[in-house]
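# Here is my input, please return the structure:
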Amino acid sequence: MARVRLVDVAERANVSMKTVSNVVNGYAHVQPATRARVQAAIDELGYKPNLTARRLATGRTGMIALAMPEIDHPYFAEVARHVAEVASDHGYRVIIEQTLGDETAERAVLRDRDAGLVDGVIFQPLRIATLDIARFHQDLPLVLLGEVEAPVTTDHVMVDNVRGAADATSHLLAAGRTRIGFLGLVEGDITATNSRRLLGYQEALVGAGVPLDPGLVLTTSGFGSDAAAVAVDDALSRGLRFDALVCRDDRFAIGALTALRRHGREVPGDVALVGWDDSAMAQWAWPPLTSLAPDKHELARVAFELLLERMQGTTGVGRHRVVPHTLQVRESAPGA
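Numbers count the residues shown, from 1 in each chain. Predicted coordinates:
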């Protein structure tokens with residue numbers, strides 16, 4: 001079967017080849033009715049753009065990379081879904097890459113692996129240094145996510161982890177909880193996320209006149225639910241008293257639920273739990289988890305639109321954006 005060409009789509013939709021190209025490349029200034037007619041012709045004929053030809057003709061591939069530490073982490077998976085949806089609305093496809101926080105893999109995102117394959121990168125690094133980011137990404141449009149320090153020329157989108165942790169802790173204080181623990185710090189963690197959430201937790205306690213108790217800050221051996229369960233098991237076995245936990249994420253909250261159940265503690269009667277990320281598991285845990293909910297769709301939208309502006313030629317200093325969050329209150333930590 002002969003390859004379907006751009007001119008074939010143009011003839012079927014009764015538009016110019018330039019109009020078809022504008023639709024394929026996601027340009028905004030196309031009338032909705034015309035865009036729909038062109039898309040119908042593309043779908044009917046099975047047209048697939050030739051990326052090599054597109055890049056030669058336009059300097060673009062119509063693809064971006066999304067590089068994240070773990071693609072099986074619920075938060076990163078949900079962010080990836082939103083990025084893919086927003087990118088698709090603009091006519092872009094997304095290549096998803098997992099770095100596992102490995103510095104060599106993170107360098108490859110900016111230097112080797114995606115050279116010439118994508119028009120831009122949305123990237124949540126863990127280890128690569130600020131100067132290396134500035135050195136390696138050069139002319140490649142780039143938007144950073146997360147807590148990493150961004151070079152002065154690089155756009156950065158993040159959640160206010162300090163404020164979020166303070167809001168979660170204040171919710172528990174308002175509900176009458178007096179021995180609130182933080183679950184938790186992770187041995188060997190090199191990210192800034194936990195330290196900022198710990199700071200927010202501490203600021204809320206100090207602001208409420210509650211003395212800080214270092215013993216209520218639990219440490220885990222890893223980032224999974226199993227490590228969180230072990231940490232809570234150990235704390236309860238040592239006789240540590242607490243009536244609430246602010247958890248690093250929903251996976252930690254699930255681990256805490258398991259450990260508390262093993263020790264005969266009721267949630268929220270004996271211990272209230274607040275998770276983080278408001279992932280799908282938060283709604284289906286039992287009891288359903290109260291969870292700090294970053295606006296993941298807004299994070300994806302802002303990141304992609306900043307990237308799109310860079311890909312279209314915007315220059316200048318990096319822009320810093322903080323997306324909103326809410327506290328989704330459910331049965332694990334009801335309000336006052």
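# Which pLDDT value goes with the spatially closest residue to Trp286 that is not a sequence neighbour?
With sequence-adjacent residues excluded and distances taken as Cβ to Cβ, 6 or more residues apart in numbering, Trp286 is closest to Leu257, at 7.9 Å. To be clear about C-beta, it is placed using only N, CA and C from the backbone, and glycine gets the same treatment. Looking at Leu257, its pLDDT reads 97.
# Spit out the contact partners of Leu257.
Applying Cβ atoms under 8 Å, 6 or more residues apart in numbering to Leu257 gives the contacts Val267, Leu273, Ala285, Trp286, Leu289, Ser332.
# Could you measure from it over to Arg251?
As judged by Cβ to Cβ, to the nearest Å, Leu257 and Arg251 stand 11 Å apart.
# which stretches of this protein form helices?
Counting by DSSP state H, the chain has these helices, from start to end: 6-13, 17-24, 32-45, 51-58, 74-89, 103-110, 130-137, 161-174, 193-207, 225-237, 250-262, 280-284, 296-311.
# who's in contact with the last one?
Looking back up the chat, that one is helix 296-311. With contact meaning Cβ under 8 Å, 6+ apart, helix 296-311 is reached by 60, 64, 75, 78-79, 82-83, 85-87, 90, 92, 119-122, 141-143, 145, 155, 157, 159, 319, 321, 323-324.
# Buried only: go through those for me.
Neighbour counting by 16 or more other Cβ atoms under 10 Å classes 60, 64, 75, 78-79, 82-83, 86-87, 90, 92, 119-122, 141-143, 145, 155, 157, 159, 319, 323 among these as buried.
# Show the model's pLDDT score for the residue nearest to Val217 when sequence neighbours are not counted.
In this structure, Val217 finds its nearest non-sequential neighbour in Phe182, 4.8 Å apart by Cβ to Cβ, 6+ apart. At Phe182, the model reports a pLDDT of 98.
# How many neighbouring residues does Phe182 have?
26 (other Cβ atoms under 10 Å).
# thinking it is in contact with Tyr201, fair?
Yes: Phe182 is within contact range of Tyr201, at 4.9 Å (criterion: Cβ atoms under 8 Å).
# Quickly list what's touching both of these two.
Common neighbours of Phe182 and Tyr201 (criterion: Cβ under 8 Å, 6+ apart): Val246.
# Need the contacts of Leu257 in JSON lines (columns: distance to Thr315, pLDDT and neighbour count).
Listed next are the contacts of Leu257 as JSON lines, based on distance: Cβ to Cβ, whole Å; pLDDT from 0 to 100; neighbours: other Cβ atoms under 10 Å:
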{"residue": "Val267", "distance to Thr315": "52", "pLDDT": "97", "neighbour count": "22"}
{"residue": "Leu273", "distance to Thr315": "46", "pLDDT": "98", "neighbour count": "28"}
{"residue": "Ala285", "distance to Thr315": "46", "pLDDT": "94", "neighbour count": "21"}
{"residue": "Trp286", "distance to Thr315": "52", "pLDDT": "94", "neighbour count": "10"}
{"residue": "Leu289", "distance to Thr315": "44", "pLDDT": "98", "neighbour count": "30"}
{"residue": "Ser332", "distance to Thr315": "47", "pLDDT": "98", "neighbour count": "26"}
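# now, which of those residues sits nearest Leu205?
Nearest to Leu205, judged by Cβ to Cβ, of the contacts of Leu257 is Leu273 at 17.1 Å.
# just checking, the closest one touches Asp243?
No: judged on Cβ under 8 Å, Leu273 makes no contact with Asp243 at a distance of 10.7 Å.
# Could you list the domains of the chain?
6-49, 63-160+296-324, 161-294 (automatic domain parsing).
# And the ones you listed: which comes nearest Ala336?
Closest approach to Ala336 among the domains of the chain (Cβ to Cβ): domain 161-294, 4.9 Å.
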